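>>> based on what follows, work out the 3D shape:
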Amino acid sequence: METIYTIADNIISSLGFTSNENFHKLKQSESGIEISNDPKITQTPMPCSQIDSERLNSEFSKIGDPDQFTRLEKLMILSITDCIKQSGIDPSQNDTLFVFSSVKGNIDLIENENHAFEKDRINLWAISETVCNFFNAKNNPIFVSNACISGATALITAAQYLKQKKYTNAVVCGGDIISEFTPSGFQSFKAVSSEPCKPFDTNRTGITLGEAAGTIILTNDKMLVKEDNPVIFRGGANTNDANHISGPSRTGDGLYYAIRNALKESNKKDTEIDYISGHGTATPYNDEMESKAIAWAELKHVPVNSLKGYWGHTLGAAGIIESIAGIHSIKENCLIKTQGYNEHGVTESINVITEFKETKINNFLKTASGFGGSNAALYFSELNAD
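Model prediction:
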């Protein structure tokens, strides 16, 4: 089996512009969620997690003209640039593949008919083309847009190409921004909380939206690995429970099968999992479904958290930035508390993390679920983990 190494990562969010900056604030239980009154995104006060626009343009001006790129494109380019510096790869070489994930893409262009960009920039393929051109990439990129499992699926897709030795490196980047369109859709489902979200809590009332971009560089070239015991991607799986266009399965069967198949591909047993990075959107049905899937997989004893209380739900970035947080949990041997969780609010007695804790972490499972019955699970571990 081809070994897939993680050699660089970056998170840009309301908590910072690097993975280290973000993870430091997670350890301090510092949330990036604030109440917004911005009329460009909401007509009523709404908690959300937004990236500092001034800092975004200031950072981007160091590598390019901010006026030539959309907000999402700038986030993606900055995130990828940081990862390329860390890894030392040449993104213009034929052995490097770019894989992107987003749910809404350049959705803000729809809301402003007087924008300065060509009409095609609203298309997902145009985003990937624009970003790849910035890095002089030679290969046609892949764009994954599959609801809230987009980021997780992008990582699975990239790893499959590397396992088949079709490429040496894969730059996996996901992102989404908050615009007027995004909250309006979730508000129509009455799924947006009026206060910062409370994953797995009995008083949870819905999601909090966030914007972010995240990048992970995967490789099958051991010579590019700079660590003695790097974190590797061991396996992942997608399923679809076909329950409803927006409502998750009531039994958790789809996510259970994704977890089971991810462990099977990774050649791992449930008893070997140290930590679960849950999806935990704080909607009544999602959290209940996820608890049932975890219980069905006999993982109720495993510590689980949701990071949505720090970043909000970042849609196409979620699977990537939450995987990065898990990677850093392994590297720094610690578990991050579930922000917003106070009183257990799901029927299964899953082991929700309530306090920051330093403890040995060799591996973790990342779960995700989304509209249309989509589910995903990923398994990461140290190279030398048993």
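>>> walk me through the domains of the protein.
In the assignment given by automatic domain parsing, the structural domains of the chain cover 4-224, 231-382.
>>> hey, which of those is tucked in deepest?
Highest mean neighbour count of the domains of the chain: domain 231-382, a mean of 22 (counted as mean count of other C-beta atoms under 10 Å). The C-beta positions use only the backbone N, C-alpha and C, and glycine is treated the same way.
>>> returning to that earlier point: now the domains of the chain in TSV, with mean pLDDT?
Below are those laid out as TSV (pLDDT from 0 to 100):
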stretch	mean pLDDT
domain 4-224	95
domain 231-382	95
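>>> need the CA coordinates for stretch 159-173. PDB is fine.
Only the C-alpha atoms of stretch 159-173 are listed here, as PDB (Å, rounded to 0.1, in the frame of the first residue of the first chain):
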ATOM      1  CA  ALA A 159      -5.100  10.400  -1.800                       C
ATOM      2  CA  GLN A 160      -6.600   7.900  -4.300                       C
ATOM      3  CA  TYR A 161      -4.600   9.600  -7.200                       C
ATOM      4  CA  LEU A 162      -1.400   9.400  -5.100                       C
ATOM      5  CA  LYS A 163      -2.000   5.800  -4.200                       C
ATOM      6  CA  GLN A 164      -2.400   4.900  -7.800                       C
ATOM      7  CA  LYS A 165       1.000   6.800  -8.400                       C
ATOM      8  CA  LYS A 166      -0.600   9.000 -11.000                       C
ATOM      9  CA  TYR A 167       1.000  12.000  -9.200                       C
ATOM     10  CA  THR A 168       3.600  12.500  -6.600                       C
ATOM     11  CA  ASN A 169       2.100  15.500  -4.800                       C
ATOM     12  CA  ALA A 170      -1.500  16.800  -4.300                       C
ATOM     13  CA  VAL A 171      -2.300  20.300  -3.200                       C
ATOM     14  CA  VAL A 172      -5.800  20.000  -1.500                       C
ATOM     15  CA  CYS A 173      -7.400  23.400  -0.900                       C
END
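>>> in the stretch 151-300 of the chain, which spans are helices?
Listed in chain order, the helices of the stretch 151-300 of the chain (DSSP state H, counting those that start in this stretch) span 181-188, 253-266, 284-296.
>>> show me what the longest one is packed up against.
If I follow you right, that is helix 253-266. For helix 253-266, the elements it packs on are strand 231-240, helix 284-296, strand 363-370, strand 374-382, judged by 3 or more C-beta pairs under 8 Å, 6 or more residues apart in numbering; DSSP states H and E.
>>> and the second one, what does it pack onto?
It refers to helix 284-296. Helices and strands touching helix 284-296, by 3+ C-beta pairs under 8 Å, 6+ apart, are helix 253-266, strand 363-370.
>>> with the third one instead?
For strand 363-370, the helices and strands in contact under the criterion 3+ C-beta pairs under 8 Å, 6+ apart are helix 150-163, helix 253-266, strand 276-277, helix 284-296, helix 318-332, strand 374-382.
>>> at 6 Å instead, please
Helices and strands touching strand 363-370, as assessed by 3 or more C-beta pairs under 6 Å, 6 or more residues apart in numbering; DSSP states H and E, comprise strand 276-277, helix 318-332, strand 374-382.
>>> thinking again about what came up before, columns distance to residue 239 on top of the helices and strands packed on helix 284-296, output as CSV?
Below are the helices and strands packed on helix 284-296 laid out as CSV (distance: least, C-beta to C-beta, whole Å):
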stretch, distance to residue 239
helix 253-266, 4
strand 363-370, 10
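>>> who wins for proximity to residue 52 among the ones you listed?
strand 363-370 (26.6 Å; C-beta to C-beta).
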